[in-house]
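structure for the following, please:
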Amino acid sequence: LIAALHELNELWPRYLRDLERPRAASDAEPSKAPPVQQRPLINPSEFINAKLAAKLIRQLQDALTVSSGALPAWCRQLSVECGFVLPFEARRLLFYGTSFGLARALQTLQQQIQHAGGASNSSGGSARADELRLGRIQRQKVRISRQRLFDSAMKVMELYGRSRAILETEFFGEVGTGLGPTLEFYTLASRELMRRDFDLWRDAGPSASSTVSAPKTDDSQSQDLTRPPGDGLFPKLVRKPDHERLERFRFAGTLVAKALLDGRLLDLPLSPTFFKLLLGAPLDWQRDLAAVEPALAATLGRMADFCRRRRSLLSDKSLPEAERTAAADALRFDGGRIEDLELDFTLPGDPSHELMTNGAVTAVTAANIGTYIELVAAWHLVDGVQPFLDAFRSGFEGVFPVQRLAVFDSSELASLLGGAQAHTWTKDMLLENTTCGKGYTQASGPVQALLEVLSEFNADEQREFLLFITGSPRLPPGGFSALDPKLTIVKSEVPKGHDPDSYLPSVNCCFLYLKLPEYTSKAVLKQKLFYAMRQGQGSFSFN
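As a prediction, this is how the structure comes out:
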């Protein structure tokens, strides 16, 4: 019952379209029908059961239960079938605590205890830490060529993508190692997959103002990135996909799975509709097509309105059959008859592709327009991308079974992979989630000026700053407060007699240390910070 109520809350606009719009628009053009809001009626958080969530977390905190695989069956069953009653963080803990073996499970438990302060504050903390150290995970270090980044990335995933070891990367000719170069590798590999010349995704075309900023590489083509027309990347329609394109989707699947396995973020904004297909979840063609191809969805939506109005009139038993037929025939679409559009059963934009047998010689009429809508939507959302989806799934399942993701919905998967959504940074939020040391306190003038500058950043500038300090332009799920460790601002020592305003800020990405000279003004700090953010990309060094 609660699952049915939750689905009704999520999909009520679809049901309302079917029930209300035909009556409301029976004497009007479909395009003038009243709009339907798309957001849920009830905040989804209202469905969360705090007692069940607490019980699940207690089960996952029992190291013996988790390590022996004795977790009660209800934990996963409830998370898969009614995951909306549990908060995202609880299901995320279940995912990482049960999907990847003993070592990963113990590491997840250890991280949870450390975040809660249990490792140091509880009397049993030392014994628990000794127990958890049994789960040490092997690390695999590899070196990547920036000059041939995509080829190197494909080779690394081919050799080590299926390994249970944590992947760490370095770049040839650079001394940097650890978390920062690793996160930048995942960021750069994501950008390579978004290259417009690869022609993998639906593309709205070049834009004068892009919200994507990419680190500079030696391959200038990698900066010309796909701009999806909808809410994320979705495979492009290709009737006969070539081997190279399929291999790139297979690589993308391996990269995504490895990033999830190691808990890394990707700058690869895949559409939630893509994740729905990956998990085999049911689609609402109008909502999901609008998320992928908004313009096409708007046109098909108006056709669907026409179809519903016609069906409503033909089923109106209060009128004689002759009057019902006459009223239905009198309906107009954009001021004319459906037949006046001179459509046939071929794919819009590709008349050589027939949607059905003899589609090129079968006209679309008021009587069969519903079938036309279904075939076009099915080709755009499913049939036309199935080879790419299969290749992606093949690469993904080489790392772990895709059905382990079933504890999340499609939008949560986008968050798990790509981190928190961009939002305004306030000075109070930044103060709460940063620490200071080595010459600075939160009351220090340069620290206050820095926080004021950060609070004024737009979305693009936030991405540049995050890329500068972490190696990834995205925050983890949970936002700034989820950074581990917290961003630490320390005083950069300047040689005696030298002007601090002539020095640039620098960072230690692995420990999230921002080394900030004691600038004389906020204006100087902003100028130097922007210069460092934009010119200090593409290399890890000690200088």
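
where does the stretch 151-300 of the chain have low pLDDT?
Within the stretch 151-300 of the chain, the stretches with pLDDT under 70 are 207-223.

which residues of it fall in helices?
179-193, 243-262, 272-279, 285-292, 294-314 (DSSP state H, counting those that start in this stretch).

from those, which stretch is densest packed?
helix 179-193 (a mean of 24; mean count of other Cβ atoms under 10 Å). Heads up, the C-betas are built off the backbone N, CA and C, glycines and all.

can you put the helices of the stretch 151-300 of the chain in TSV and add distance to R76?
Putting the helices of the stretch 151-300 of the chain into TSV (distance: least, Cβ to Cβ, whole Å) gives the following:
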stretch	distance to R76
helix 179-193	28
helix 243-262	17
helix 272-279	15
helix 285-292	27
helix 294-314	35
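
ok, which stretches of the stretch 101-250 of the chain are strands?
Here the stretch 101-250 of the chain has its strands, by DSSP state E, counting those that start in this stretch, at 139-144, 166-171.

go through the ones you listed and name the closest to P181.
Taking Cβ to Cβ, strand 166-171 is the member of those nearest to P181, at 5.5 Å.

mind giving me the packing neighbours of that closest one?
For strand 166-171, the elements it packs on are strand 139-144, helix 149-160, helix 179-193, helix 243-262, judged by 3 or more Cβ pairs under 8 Å, 6 or more residues apart in numbering; DSSP states H and E.

got a list of contacts for the one helix or strand E89 maps to?
Using DSSP states H and E, E89 maps to helix 88-98. Residues outside helix 88-98 that contact it (Cβ atoms under 8 Å, 6 or more residues apart in numbering): 53, 56-57, 60, 66, 71, 75-76, 79, 83, 104-105, 108-109, 112, 263, 404-405, 407-408, 412, 415-416, 477-478.

need the strands of the stretch 101-250 of the chain in a markdown table with mean neighbour count and distance to I373, can you?
A markdown table is the format used below for these (neighbours: other Cβ atoms under 10 Å; distance: least, Cβ to Cβ, whole Å):
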| stretch | mean neighbour count | distance to I373 |
| --- | --- | --- |
| strand 139-144 | 15 | 47 |
| strand 166-171 | 20 | 45 |
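
quick revisit: for E46, which of the helices and strands packed on strand 166-171 is the nearest?
E46 sits nearest to helix 243-262 of all the helices and strands packed on strand 166-171, at 28.6 Å, using Cβ to Cβ.

what's the angle between that closest one and helix 88-98?
100 degrees (axes from the mean of the first three to the mean of the last three Cα atoms, to 10 degrees).

just the CA atoms of helix 243-262, as CSV, please.
C-alpha atoms of helix 243-262 as CSV (Å, rounded to 0.1, in the frame of the first residue of the first chain):
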residue,chain,number,x,y,z
HIS,A,243,32.8,-1.1,-33.0
GLU,A,244,34.7,2.0,-31.8
ARG,A,245,31.6,3.7,-30.4
LEU,A,246,30.5,0.5,-28.6
GLU,A,247,34.0,0.1,-27.1
ARG,A,248,33.8,3.6,-25.7
PHE,A,249,30.5,2.9,-24.1
ARG,A,250,31.9,-0.3,-22.6
PHE,A,251,34.8,1.7,-21.2
ALA,A,252,32.3,4.2,-19.8
GLY,A,253,30.5,1.4,-18.0
THR,A,254,33.8,0.1,-16.5
LEU,A,255,34.8,3.7,-15.5
VAL,A,256,31.5,4.4,-13.8
ALA,A,257,31.5,1.0,-11.9
LYS,A,258,35.1,1.5,-10.8
ALA,A,259,34.4,5.1,-9.6
LEU,A,260,31.5,3.8,-7.5
LEU,A,261,33.6,0.9,-6.2
ASP,A,262,36.3,3.2,-5.0
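
quick one: T424 from F480, how far?
Taking Cβ to Cβ, to the nearest Å as the measure, T424 falls 11 Å from F480.

can you list the helices and strands packed on strand 166-171 in TSV and add distance to G445?
Compiled in TSV, the helices and strands packed on strand 166-171 are given as follows (distance: least, Cβ to Cβ, whole Å):
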stretch	distance to G445
strand 139-144	40
helix 149-160	41
helix 179-193	28
helix 243-262	39
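
and of these, who's closest to E456?
So among the helices and strands packed on strand 166-171, helix 179-193 is nearest, using Cβ to Cβ, at 24.2 Å.

show me what the closest one is packed up against.
Secondary elements touching helix 179-193 (3+ Cβ pairs under 8 Å, 6+ apart): helix 149-160, strand 166-171, helix 243-262, helix 459-470.

quick one: those as JSON lines, columns for distance to H353 too.
Below are the helices and strands packed on helix 179-193 laid out as JSON lines (distance: least, Cβ to Cβ, whole Å):
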{"stretch": "helix 149-160", "distance to H353": "30"}
{"stretch": "strand 166-171", "distance to H353": "41"}
{"stretch": "helix 243-262", "distance to H353": "18"}
{"stretch": "helix 459-470", "distance to H353": "38"}
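
for T441, find the nearest of these.
helix 459-470 (19.7 Å).

and for the closest one, what are the contacting residues?
Contacts for helix 459-470 (Cβ under 8 Å, 6+ apart): 179-180, 183-184, 187, 211-213, 215, 422, 425, 454, 457, 472-475, 483, 487, 507, 509, 512, 514, 529, 532-534, 536-537.

give me that answer again for 7 Å
Contacts to helix 459-470, defined as Cβ atoms under 7 Å, 6 or more residues apart in numbering, come from residues 180, 183, 187, 211, 213, 215, 422, 425, 454, 457, 472-475, 487, 507, 509, 512, 514, 532-534, 536-537.

which of those residues fall in helices?
Judged by DSSP state H, the subset of the contacts of helix 459-470 located in helices is G180, L183, T187, L454, A532, M533, R534.

now the residue nearest the centre of the chain: which helix or strand?
Note on the chain: the residue nearest the mean C-alpha position is A414, at 2.6 Å, using Cα atoms, centre = their mean. Using DSSP H and E, A414 maps to helix 410-418.

tilt between that helix and helix 272-279?
Using the same axes, to 10 degrees: helix 410-418 against helix 272-279 is 100 degrees.

restricting to C-alpha, output helix 410-418 in CSV.
Provided in CSV are the C-alpha atoms of helix 410-418 (Å, rounded to 0.1, in the frame of the first residue of the first chain):
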residue,chain,number,x,y,z
SER,A,410,17.8,7.1,-10.8
SER,A,411,18.2,10.6,-9.3
GLU,A,412,20.1,9.2,-6.3
LEU,A,413,22.5,7.3,-8.6
ALA,A,414,23.2,10.6,-10.4
SER,A,415,24.1,12.1,-7.0
LEU,A,416,26.1,9.1,-5.9
LEU,A,417,28.2,9.3,-9.0
GLY,A,418,28.4,13.0,-9.6
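
buried residues in it?
Across helix 410-418, burial judged by 16 or more other Cβ atoms under 10 Å covers S410, E412, L413, A414, S415, L416, L417, G418.

is it possible to get a markdown table of these that adds pLDDT and distance to L467?
Listed next are these as a markdown table, based on pLDDT from 0 to 100; distance: Cβ to Cβ, whole Å:
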| residue | pLDDT | distance to L467 |
| --- | --- | --- |
| S410 | 90 | 26 |
| E412 | 91 | 24 |
| L413 | 92 | 23 |
| A414 | 88 | 19 |
| S415 | 88 | 19 |
| L416 | 91 | 20 |
| L417 | 91 | 17 |
| G418 | 88 | 14 |
